[in-house]
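>>> got a predicted structure here, sequence first:
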Amino acid sequence: MSLDKAAVLDALRTIRDATTTENLVSLGHVRKLAACDGYVSITVAAPDDDAVRRELKGVVDATVREAAKNDPDGDQPLKQLTIDFVTPDTPGEGVGRDERIVDQPKTIPLKQASSSETVEKGKSKAGAAMPGVDNVIAVGAGKGGVGKSTVAVNLAVGLARKGFSVGVLDADIYGPSLPTLLGLTHLDVALHQNRLQTFHVHGVRAMTIGKLVDPEKPLIWRGPMAHGAFKQLAEQTDWGKLDYLIVDLPPGTGDVPLTMSQLLSLTGAVVVCTPQRVAQDDAVRAVRMFQQMKIDVLGIVENMSYFIGDDGKEYDIFGRGGAEMMAQRLGLPFLGAIPLNMPLRRNSDNGEPLMNFDADNAGERLVKHLAKFVDQVEVQAALASSHTKKGRPTLSVS
């Protein structure tokens, strides 16, 4: 078997604080640890100081790699090692601190560095992985099937139609929809200088995991693998200069949103919800997740608000207005209601999102609602961007 969680903990116990007799694990500094199939993800509590974290990261990296190299039972190499940091005052208990201690000291100072070395508080250190991107907007939902990917694609295309430079990242690792929604089926991924080149379609730049794997192969991945996949898509794609990057998240509150919150400096998040109560319940959880990670919620959009029949009549299939009332209850902006009609379904299946903004094709009501939604997101993103820059949001899960 490959390096497991117990073996990684044993390796981390060899790293000792130079100022105490304790090690990294017994001090409770290992806040999150996952190890599976050659993928290892570690979250460590350390002062918000570049010099300290850089030194600690180097020691943790070398220690775990040495443990993997010397594992007598290992039959798989260490494929990926991800090391993230949170501040020591972040809520959460240390992983493995009550278990046995391996006594092989290797010291690393965990104290705060001198004031001359400390990064000025309040300056964001996030976003280094995606230079040139002005605004990153996540589109999330508490449950699947609410049209989150459709909303993300139409938001990206709508912003591009207003003259902005826009990219869209399909981070729905387990169910990527962009190959269909953007008509990427017959296009191939290109590499230049070991960086993925975006697809230029419908006025936007796009990248999706769906073009990097077999389209019919299920991605049966554990957390560290999903973490690594999102990290590579974000960091190894050549996005160029963008006014907006729209990130289509998987539904729910799992690994990818957590990874995104630590990796990227987000302008804010849009939560998609359909009108019925069961969707609202899950959407509230998505809102609370973003708020817990200190990510601004730009607002709620009610998708499939009503159905427009071929006869022009409106049918409240799911009960119109539920998401708007939820937004009012949570004190969040309501970004608009998007109806469902046959042209929207057809254009989505055919990978022609621009047609959704053509009144002759999609109908005036759909075009009007989409335009209002795009305008509201632009306004809320501008307000969020005007706030004082914040540091990278962190969340520790033990």
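Structure's in. What do you need?
>>> and the gap between the residue positioned nearest the centre of the chain and residue 90?
For the chain, residue 260 is the residue whose C-alpha lies nearest the centre (C-alpha atoms, centre = their mean; 3.1 Å). According to C-beta to C-beta, to the nearest Å, residue 260 stands 17 Å off from residue 90. (C-beta placed from N, C-alpha, C; glycine too.)
>>> and if you look at residue 331?
25 Å.
>>> try residue 243
For residue 243, the distance to residue 90 (C-beta to C-beta) stands at 32 Å.
>>> who's more crowded, the two?
Applying other C-beta atoms under 10 Å to residue 243 and residue 90 shows that residue 243 carries more neighbours, namely 17 against 13.
>>> so that one makes contact with residue 164?
Yes - if you go by C-beta atoms under 8 Å, residue 243 and residue 164 touch, sitting 4.1 Å apart.
>>> show me where this structure has its helices.
Applying DSSP state H to the chain gives helices spanning 5-12, 50-69, 148-161, 178-181, 223-235, 255-263, 277-292, 322-330, 342-349, 359-362, 364-385.
>>> can you say which of those helices is packed in most?
helix 148-161 (a mean of 26; mean count of other C-beta atoms under 10 Å).
>>> pull the CA atoms of that one into PDB?
The C-alpha trace of helix 148-161 is given here as PDB (Å, rounded to 0.1, in the frame of the first residue of the first chain):
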ATOM      1  CA  LYS A 148     -25.800  26.200 -11.700                       C
ATOM      2  CA  SER A 149     -23.600  25.500 -14.800                       C
ATOM      3  CA  THR A 150     -26.200  27.100 -17.100                       C
ATOM      4  CA  VAL A 151     -26.200  30.200 -15.000                       C
ATOM      5  CA  ALA A 152     -22.400  30.300 -14.800                       C
ATOM      6  CA  VAL A 153     -22.000  30.000 -18.600                       C
ATOM      7  CA  ASN A 154     -24.700  32.700 -19.300                       C
ATOM      8  CA  LEU A 155     -23.200  35.000 -16.800                       C
ATOM      9  CA  ALA A 156     -19.800  34.700 -18.500                       C
ATOM     10  CA  VAL A 157     -21.200  35.200 -22.000                       C
ATOM     11  CA  GLY A 158     -23.400  38.100 -20.800                       C
ATOM     12  CA  LEU A 159     -20.400  39.900 -19.300                       C
ATOM     13  CA  ALA A 160     -18.400  39.300 -22.400                       C
ATOM     14  CA  ARG A 161     -21.200  40.800 -24.500                       C
END
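>>> what about that helix, average pLDDT?
Per-region confidence: helix 148-161 scores 96 on mean pLDDT.
>>> could you tell me the angle between it and helix 364-385?
Calculated by axes from the mean of the first three to the mean of the last three C-alpha atoms, to 10 degrees, helix 148-161 forms an angle of 80 degrees with helix 364-385.
>>> still on that earlier bit, so the residue nearest to the centre of the chain versus residue 203, what's the distance?
Separation of residue 260 from residue 203 (C-beta to C-beta): 24 Å.
>>> same deal with residue 241?
Residue 241 is 15 Å from residue 203, by C-beta to C-beta.
>>> same question for residue 52.
According to C-beta to C-beta, residue 52 stands 44 Å off from residue 203.
>>> and residue 358, by the same measure?
Residue 358 sits 14 Å away from residue 203, going by C-beta to C-beta.
>>> burial of residue 245, as a residue count?
By other C-beta under 10 Å, the residues close to residue 245 number 28.
>>> oh sorry, the question was meant for residue 186
The burial count for residue 186: 7, using other C-beta under 10 Å.
>>> contacts only, for it.
Contacts for residue 186 (C-beta atoms under 8 Å, 6 or more residues apart in numbering) come out as none.
>>> just checking, residue 79 touches residue 41?
No - using C-beta under 8 Å as the test, residue 79 is too far from residue 41 to be in contact (11.6 Å).
>>> more neighbours, those two?
residue 41 (25 against 14).
>>> correct me, but the more buried one touches residue 34?
Yes - counting by C-beta under 8 Å, residue 41 touches residue 34, with 4.7 Å between them.
>>> residue with max distance from the center of this structure?
Here the chain reaches farthest from its C-alpha mean at residue 311, the gap being 40.5 Å by C-alpha atoms, centre = their mean.
>>> okay, and the helix or strand of the chain with the least pLDDT?
The helix or strand of the chain with the lowest confidence, counting by mean pLDDT, DSSP states H and E, is strand 106-108 at a mean of 41.
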